[in-house]
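[1] From the sequence below, what's the structure:
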Amino acid sequence: MSFAKTSSSNAASEPLPDRSRQRLLHKLGIFCGFAAAIWLAGAEAPTKLVTVAVSPVVISFMMVLGAFVSRWSLPALIRGTGDTFRDARHVPHLVLWGVMAGCLWAVGNTLTIFAVRDIGLSLAFPLWNSNSLIGILWGTVLFKELHQSGWVRKMGVVGGAVVIFTGAILISAASTSGAAHGNPARGIAEAVGAGLMFGTMYVPYRKAYITGMNPLTFLTFFTFGEMTMMTVVALVFTGGAGAFWHQLLSNRTILLWPMLGGFMWVVGDLFQNYATKYVGISRGIPLSNTNQLWGLLLGVLVFRELTGLTAHTYAEVIGGSLMMALGALAIASCSASEGEYAGTKKAADRETQLYGINPEYVAARMEGREVSSSEVRRTWVDWAMIGTATAIFVFLGSMAHVPHMEIHSGWLAVFAILMAGVLTAGGVALWRITKFT
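    Here you go, the predicted structure:
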């Protein structure tokens, strides 16, 4: 947490020199990547409800609904919705890109639910994290992230990608040979398809952040795409509005848990977006994809998912997950060079000229600074949103029952404490250094 101390000591002084500021933001981005990993792993825990005969579509819809509610109420709490719309006026074209990203996320999230049903959380998790490979591809081709970097850095990223891919193959072999679930081959296809959706989703993210849009703003509009697409998917798969409403009512005692999963996903997604903003797609996404280890631990320790399988299957799952995590860490350890920073600036200049954006706005937001000295304000509308979101969670909580499934409560408590600690540390660091810009 050295970056938080650095920020605190400089809070009342002149802005840091550009290179020093870049190093500080790089540290912040690395921490956000790890924080995202923990929260994104926790968000997948409610998908285990598919093992108690709850429709994957119901689980996915409620997660998206939880995300929709949270993506409006959290920005209202942190900076106020007025800041969201002021930010959007600088780059109105990104509203459409945000909606598109939300549609991709909704499709990908639904595929993850089906994958968990068919091959289990411990096995599906690493496979859909193949989005690292897609992210590296788009980051390099579209945003020149590795251009003008040294060969050591390039080989670190490429080598890490190869290790990730190898680990994914090992996990696939384990899921085919040892899974005690529904349909291993279909589950692999679903998980890899989810990875493709998630990896492509980061293209709009990066377009937004190289031109300075606040992640809180981008994800607010992102939620329209995910909610619309998920509603269409739910109605199609369940046979219409009446049938879907009946499924929601019949499962009302468990609706709170996927809603909470959606909230946790939003927190993890915010951390992931700040990582993407400050260290790029090629580094931020693989770093956040260390959530596969947390997902593996969650599946094994909390849900006892691999109990009864052979030692060979254990070795493949754990070995493959470790390989993928090591590959992600190799990518994250390759710090950006001056040439890469210059390449990012060129990409930002291209977007600035293409869409006629104010260069001062782009420059300030790229460095995590305020465009103006105006204070963060919250109106009665913001408090109404926060109150409504809280009331929805309380209402569902009043009907909620704990599902009848094997859960190790001790390990679950440890995981919850870890998530709370990371959230506190990350929130303080982001506020001190960037004021959540």
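
[2] Which positions in the helix or strand harbouring residue 410 come out as buried?
    Per DSSP states H and E, residue 410 falls inside helix 409-434. Going by neighbour count (16 or more other C-beta atoms under 10 Å), the buried part of helix 409-434 is 411-412, 415, 419, 422-423, 426-427, 429-430, 432-434. For glycine as for every other residue, the C-beta is placed from the backbone atoms N, C-alpha and C.

[3] How far off centre is that helix?
    Here helix 409-434 shows a centroid-to-chain-centroid distance of 15 Å under the convention C-alpha atoms, centre = their mean, to the nearest Å.

[4] Make sure residue 196 is actually in contact with residue 131.
    Yes - the pair residue 196 / residue 131 is scored as a contact, 7.4 Å apart, by C-beta atoms under 8 Å.

[5] So if I had to pick from those two, which one is more boxed in?
    residue 131 (23 against 18; other C-beta atoms under 10 Å).

[6] Report the contact partners of the more buried one.
    Residues in contact with residue 131 (C-beta atoms under 8 Å, 6 or more residues apart in numbering) are 194, 195, 196, 197, 198, 199, 202, 285, 289.

[7] Just give me the closest of these to residue 248.
    residue 194 (23.4 Å; C-beta to C-beta).

[8] so how far is residue 74 from that closest one?
    24 Å (C-beta to C-beta, to the nearest Å).

[9] So which of those two has more stuff around it?
    residue 194 (26 against 20).

[10] I figured that one hits residue 105, correct?
    No - assessed by C-beta under 8 Å, residue 194 is found out of contact with residue 105, at 9.9 Å.

[11] where does the stretch 251-400 of the chain dip in pLDDT?
    Within the stretch 251-400 of the chain, the set of residues satisfying pLDDT under 70 comprises 309, 332, 334-340, 371-376.

[12] which SSE is the residue lying closest to residue 247 once chain neighbours are set aside in?
    Among residues not flanking residue 247 along the chain, residue 58 sits closest, at 5.4 Å (C-beta to C-beta, 6 or more residues apart in numbering). According to DSSP H and E, residue 58 maps onto helix 56-78.

[13] between the helix or strand just after that helix and helix 56-78, how many degrees?
    Per DSSP H and E, the first helix or strand lying C-terminal to helix 56-78 is helix 81-90. Helix 81-90 and helix 56-78 are oriented at 100 degrees to each other (axes from the mean of the first three to the mean of the last three C-alpha atoms, to 10 degrees).

[14] Out of the contacts of residue 131, list just those in helices.
    Members of these lying in helices (criterion: DSSP state H): 194, 195, 196, 197, 198, 199, 202, 285.
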